[in-house]
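K.L.:
need coordinates for the below:
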Amino acid sequence: MSMRAVLPVPGHTGRAILAGLGTGLLTVVCGAPYWSHHVAGAVVSVVASFAFGAAGGLLAGTGDTRSRSGVLLLVAAVFTAFTWLSIFDVGIFPVFAIFSEGVGITAAGAAVLVYPVGHLTGRAERYWVYAAIEVLVVQEFLVELVSRPQWNGNSADVFWPTLVPDRWLFDRLIPTNIGLQAVLAVWYVALLIRRGRRLSRNERPAMIPVLVATAIVAVAATVTLRTNAWTSLEALMSFYVVQDTVAVVLPLAVLSGALRERWWEVDAPLRVVRMTSASTSVARVREALAHALRDPTLTLLFWVPTEESFVDSAGRLVELPSPEPSRWLIETRTDDHTPLAVIELDGALRGRPALVDAVLRAGSQALLTAQLQAAATAHLQQVHAAQARVEEREIAERQRLENDLRAGAQQQLVALSGQLEQLAADTPLDSVRSVAVACHAEVHAALEDLRALAQGLHPPVLRTDGLGPALETVAGRLGLAVDLAVSARRQPPAVEATAYFALCEGLTNVAKYAPDASVRIVITEVDGWLHGLVADDGPGGARVVPGGGLAGITDRTRALHGWAAVESDPGAGTRLRVGLPCG
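P.N.:
From the prediction side, this is the model:
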């Protein structure tokens, strides 16, 4: 993507002032005979012409899609100045002035309709331009074809394209033209309202004042239009003064919006530097770019070479979004042309390529730093994902072992126990009977141990009834007095198993070091997280020893992106807390 830098404001503003002075001087020259007797009107009209020219010059020099509006405004300013040639009342000047008025109004209207995207956005806007040409130019020509110059307030010896003079038809064409211009104005205001509703966030600051000002001008010009403006030169000149007085708000609104936009363009890159000077985290860089470009929908994806893929701000591997007309994808690269990041923007920013380029250049160093952080986060995500897969496999393996023990060794021991019991009952020999009874007792003890082992691997009550009953069973087996409170819903097996084994470790620790303590177990669910607590009123002083049971809790919870913490001040009991994201 090749884009030029933003132009400096002083030179850009100087060209705008030069364009305004040119159109203002043209207005003075074209209306000189009238200004000598109407100084106040001269001041108003020259100020309006200067404002139109300056606004047009300011936009024309932007080098982006707004330049087309600037050119149209310059055309409108020049032809509006030519309308004052009517005052000379000689030769072709009056006819040229009438056509200049229609061209000037059409150009000004089109300038607002194409701003800031640089083109008309629908059939309704194109049809309005065609209708404006027909009403303001063609209809005026038809009036001239059926009239004489005297009827229009001009001298009899001026050039006039009379074809079939008809006073009756002339008197009726004038109010018809006024009505058509009123319809044209109402249509235009409706287009402005529709445009205002469709504005993107980037377009609103500059466009809303322009749309409001344009609607005011269109309505005011239509309301102040009178029939005698067609039949009296003095009335026509007065109408022009009134029209310029009202119309001056339009270029002033354009100037105000354009200057604000220029300040935004100049300040946006500096804003990125300021916002990323203290922190260059992925979230901060994304926030800085979104703020500078006024695009809250901005999405930032970073290239991770080791994964050969892009990751989002959370470090998750993602595919590049499909191109959409309403969005703009920009790929940035490092100095050695390796991929760096992809920025997805509001499509309206296509009209501001220089601004986007300047902002991205200002944030290039921050993007490099953020890419490293995104890569590190992606690697950590991969580690956590691997740990989670290991944890899931361990749980599945425990369930498999539990089923194997029940289906294999446990059933065999049950059968052996029955055989020994039958042997003890059927044998007549006391010596054999005593050996059989002793063996039966040993097998029964081994069977109980095997059942306890199977339940410890993955207790059925956890799978069927959930955490509460499963922990209550463990506490009963350990001989602990427990106050249990569960307000969480059922969770995925991996989450429940991790929470179960972590809290069981806490209960085992209580049974080992504070068997007479009262124990409180609380399980809650808050904002998508499962929280578990095992708290006792024992002597406290528990320490997390590397490789010990409490230390293993942290490893288990981290595998599911959770956490664990142990609080155990001497004399204040022990509190084990775990937190796991719900599935």
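K.L.:
quick check: which element contains Val544?
P.N.:
Counting by DSSP states H and E, no helix or strand carries Val544.
K.L.:
count the residues that sit near it.
P.N.:
If you count neighbours by other CB atoms under 10 Å, Val544 ends up with 15. Every C-beta, even on glycine, is put in place using the N, C-alpha and C of the backbone.
K.L.:
how about Asp157?
P.N.:
Neighbourhood size, Asp157 [other CB under 10 Å]: 10.
K.L.:
swap in the one 4 residues further on?
P.N.:
For Pro161, the number of neighbouring residues by other CB under 10 Å comes to 10.
K.L.:
just the one 4 residues further on next, same as before
P.N.:
Neighbourhood size, Pro165 [other CB under 10 Å]: 13.
K.L.:
ok, now Arg197?
P.N.:
For Arg197, using other CB under 10 Å, the count is 7.
K.L.:
same check on Lys512?
P.N.:
Neighbours of Lys512 (other CB under 10 Å): 11.
K.L.:
try Val43
P.N.:
Neighbours around Val43, by other CB under 10 Å: 12.
K.L.:
what's the pLDDT at Pro94?
P.N.:
pLDDT, Pro94: 90.
K.L.:
using the three-state scheme, assign it.
P.N.:
Under DSSP: H, G, I helix; E, B strand; the rest coil, Pro94 falls in the helix class.
K.L.:
quickly note the distance from it to Gly347.
P.N.:
Plainly put, Pro94 is 47 Å away from Gly347 if you go by CB to CB, to the nearest Å.
K.L.:
and those two? Which one has more around it.
P.N.:
Legend: neighbour count by other CB under 10 Å for Pro94 and Gly347, higher for Pro94 (24 against 17).
K.L.:
so who does the more buried one touch?
P.N.:
85-86, 88, 149, 152, 154, 158-160 (CB atoms under 8 Å, 6 or more residues apart in numbering).
K.L.:
name the member of the residues you listed with the most neighbours.
P.N.:
Going by other CB under 10 Å, Ser86 tops those with 26 neighbours.
K.L.:
just give me the neighbour total for Leu145.
P.N.:
With other CB under 10 Å as criterion, Leu145 counts 17.
K.L.:
assign the residue nearest to it when sequence neighbours are not counted to helix, strand or coil.
P.N.:
Among residues not flanking Leu145 along the chain, Leu163 sits closest, at 4.3 Å (CB to CB, 6 or more residues apart in numbering). Recorded secondary structure, Leu163: coil (three-state DSSP).
K.L.:
for Leu163, give its distance to Val90.
P.N.:
Applying CB to CB, the value for Leu163 to Val90 is 22 Å.
K.L.:
repeat for Asp336
P.N.:
Per CB to CB, Asp336 is found 71 Å from Val90.
K.L.:
those two: which is more packed in?
P.N.:
A direct count of neighbours by other CB under 10 Å for Asp336 and Val90 places Val90 higher, at 12 against 5.
K.L.:
avg pLDDT for stretch 361-374?
P.N.:
For stretch 361-374, mean pLDDT is 80.
K.L.:
with stretch 15-28 instead?
P.N.:
Stretch 15-28 carries an average pLDDT of 90.
K.L.:
which other residues reach that stretch?
P.N.:
Residues contacting stretch 15-28 (CB under 8 Å, 6+ apart): 35, 42, 45-47, 49-58, 60-61, 74, 77-78, 80-82, 84.
K.L.:
any of the residues you listed buried? List them.
P.N.:
Buried members of the contacts of stretch 15-28, scored by 16 or more other CB atoms under 10 Å, are 35, 42, 45-47, 49-58, 60-61, 74, 77-78, 80-82, 84.
K.L.:
okay, now the unreliable bits of the stretch 351-500 of the chain?
P.N.:
Filtered on pLDDT under 70, the stretch 351-500 of the chain yields the residue ranges 378-417, 419-420, 422-424, 429-433, 435-437, 440, 442-460.
K.L.:
and the strands in the stretch 451-583 of the chain, which stretches?
P.N.:
For the stretch 451-583 of the chain, the strands defined by DSSP state E, counting those that start in this stretch occupy 481-486, 518-526, 529-536, 563-567, 574-581.
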